[in-house]
Each structure stands twice: as structure tokens, then as C-alpha cells.
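# dropping the sequence and predicted coords here.
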Amino acid sequence: MLIQENVLLAPLTTLRIGGPARFFATATNPAELVEAVQFAGAHHLPIVILGGGSNLLVTDAGFNGLVIHNVLSSLPPITTIPQQNPLSIVASVAAGTDWDEFVLAICQLNFSGVECLAGIPGLIGGSPIQNIGAYGQEVAQTIHSVTALDLESLEFVTLPHEACGFAYRTSIFNTTHRDRYIVAAVTFRFDPTSRPALTYPDLQRHFAENPNPTPMDIYHAVRAIRATKGMLIDATAPDDPDTRSAGSFFKNPIVPLETLARIALALNLEEAKVPNWPTGQGTTKLPAAWIVERAGFHKGFALGPAGISSKHTLAIINRTGAATFADVAALRDAVRAEVLSRFSITLEQEPIQVGSLIGRAE
């Protein structure tokens, strides 16, 4: 396989920010993935996996290791999955498959389960890592198992759903076992008799006069809604600054219920008017976009070459196309500091940060 040197990472990310990778390899099949990992091991290099580049924030110094572009298009051997429910449909999909194309294909079959995840940029391989979710659905709801390269044994293993540790925007792949597995394929299970459930307010409003939308109806509606919020990558408008983002930059914070009273007091609101979704055990989830805006960071806010999307306060954008990591980090830190000061809430960054902050990583 070809190992390249000093490959600039900025063009490979949706933020279009980041310095070079010291070494770079593209893995299109399982054998190339193993070979790339072996190269890294032989040269004592750290590894970063790159998929669609939609959830990465790369530092200006770049990455002093091996970046593996995981675009697997053929499947490694997968353990046979017994069909406990003969009505269920199982689909095994390679990591390099475009996520939205997969969602479209499932919706065209009239299967429900991923239609609310339409328009999310990236590849299949990234979907289980952060348990992508939107508009009331999470990918974990349909994942049956994940096939991954185990870096300890250099063998492909199949992890059942229960072993993946799925939670809000997390899994074992980005927490307890973040350096052990490289996702090679994901196996999904769909129940053809399942019907869409509209739990998200935007979708409820959209289908107010259509109580029984099909998965395809929801697919198109979600994409349209995402477009109005600057959360849809538009290949026809590459110079639109709202498309130069990593999507939602902060996770929706999960806080104790008593936090609601503190926010209401700070904003001189009735507590009942603070939007939230109870998550059990005395906690609730707050909309990060609402919190960011109430902290003074409105749509279109600019701080040098970086800024807030003109369509959604949760997207930090490369406003001029020339922003650096330092520019984005300055805005990120300003938002987090103000939210912490006003509401005593610590916002957690959603994009994965790659590279060193000073000089080249060692």
C-alpha cells in the first residue's frame, strides 16, 4: 500500500482546518487496514482514523503519526448472526460507505429506524463510535453488532450490541476502548413492521397534517430542516461559510434537575420555560444551542476568521475559509467560559481533537 508523507489534513475535514499528517495511508480493504496498522507498529507511530472528516478538529501543528483514511468498501469475515426474529432484516455495511446514502437506501425499502438520521455527514465507520443521533433517534437503536480490527490481536472481531457500551454520544470506541478497535463494518437490524415515531418538535410541526409519514417522507423532511439550520453539507455551495463546520460543536449537557432553577433565575424566566428533556435519575438534558445563544453568542456572531453559523448557534464555522485551529479554539473557549460563568454549566466539545497544540506531536 502507498504510505504518503506530510499530507495536509485541512482539505479532508469539513471544517477545512488542520496541519499535515506526518504519514498518511488509505485503506480500502481489510488487508490494507492491517498493513497500515503494522506500518505504524513497526515505526512506533500513534494512529488516527479518518473517515468523512465531519467530526474532526485538527490542530495547526498537524499530527506526528499515521493517519489512516478508513474507506473500507469490502467486508471482512463476519460471524454468522442467528435470526431470532424471522421478520427482521439484517444489513452488514462496510465502514467506508457514505452514511446518508445508506440511510436513503434503507428508507427506499420502507424500513424505519434511521430516517431521522438523514443528512448527517460522514461514513458508516464513524456512526457507532459516537452513537450518532438526531431528531429523536440514535444509531444504537438499530445496530446489531460492530465488526472491528482489534489492535491487540490484529484480528477482526464481531462485537454484539451489548458489548459496545452505547450511551448519549458515546460508546466503548470513544471511551473505555478508544485505542483498541478500528471499525471495519456495522451490522444493522430492522423490523419491517416498525413504523416511524415523531418525537422531535420540528418533525411534529412539519407533519402536523400528515400523521402517518413514510420513512422516505421523514428522510426528505429531516434533510430540509437540517438545511435551514446549516447542518447539511451542500456540495453545490462549497463557498457557503455555513457548510464549513463540524456540525454540532457542543454536546447537549445533561445536568441535575436543580440546574433549571438556576438558569431561570439568571435569565429572569419561569422555570417551566427552560427547555429540557428529563433523562431520569434526577437529571435532564438541555439544548446546548439554546444555552449558547442565551450566553450572548447569536447566529452570525464573529470572532476573527471563526464564527457562529448564521443558521444555527451550535455550529462553529470557518467563517472566512482561512480560519485556523487557534481561531476556532479561541471562539470555543470564549463560549465555554461565558456559559460556565452565567449558568455554571461546562459544555463538552463534540468534534474529536487531533494533533499537538505546540510544534509537532511526539
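It's in.
# hey, let's count contacts and neighbours off CA atoms from now on
Noted.
# buried residues in stretch 265-277?
For stretch 265-277, burial by neighbour count (16 or more other CA atoms under 10 Å) applies to 274, 276.
# over to stretch 314-321?
In terms of neighbour count (16+ other CA under 10 Å), stretch 314-321 has its buried residues at 314, 315, 316, 317, 318, 319, 321.
# for the second one, give me its contacts.
By CA atoms under 8 Å, 6 or more residues apart in numbering, the residues touching residue 315 are 230, 231, 245, 246, 247, 248, 249, 308, 309.
# how close does the second one get to residue 130?
Translated: residue 231. 17 Å (CA to CA, to the nearest Å).
# same for the longest strand seen in the chain, what does it pack against?
Identified as the longest strand of the chain according to DSSP state E is strand 181-190. Under the contact definition 3 or more CA pairs under 8 Å, 6 or more residues apart in numbering; DSSP states H and E, strand 181-190 sits against strand 89-94, strand 143-150.
# ok, 10 Å please
In this structure, strand 181-190 packs against helix 30-42, strand 47-50, strand 63-70, strand 89-94, strand 143-150, strand 155-160, with contacts taken as 3 or more CA pairs under 10 Å, 6 or more residues apart in numbering; DSSP states H and E.
# distance from stretch 342-356 to the middle of the chain?
Its chain's average C-alpha position is 14 Å from that of stretch 342-356, according to CA atoms, centre = their mean, to the nearest Å.
# what comes up buried for it?
Along stretch 342-356, these residues count as buried under the neighbour rule (16+ other CA under 10 Å): 343, 345, 347, 350, 351, 354, 355, 356.
# and if you look at stretch 201-219?
In stretch 201-219, the ones that count as buried by 16+ other CA under 10 Å are 203, 207, 213, 214, 215, 216, 218, 219.
# what does the helix or strand where the first one lies rub up against?
Secondary structure assigned from DSSP states H and E places residue 203 in helix 201-206. Counting contacts by CA atoms under 10 Å, 6 or more residues apart in numbering, the residues outside helix 201-206 that touch it are 116, 135-136, 197-198, 207-208, 210-211, 218, 221-222, 225.
# next secondary structure after it?
Tracing the chain C-terminally past helix 201-206 and defining elements by DSSP H and E, one meets helix 215-228 next.
# which secondary structure element of this protein has the lowest mean pLDDT?
Every helix and strand of the chain was ranked by mean pLDDT, DSSP states H and E. The lowest is strand 89-94, at a mean of 88.
# residues contacting it, please?
Residues outside strand 89-94 that contact it (CA under 10 Å, 6+ apart): 28-29, 70-76, 78, 81, 83, 99, 102, 106, 111, 123-125, 142-147, 183-192.
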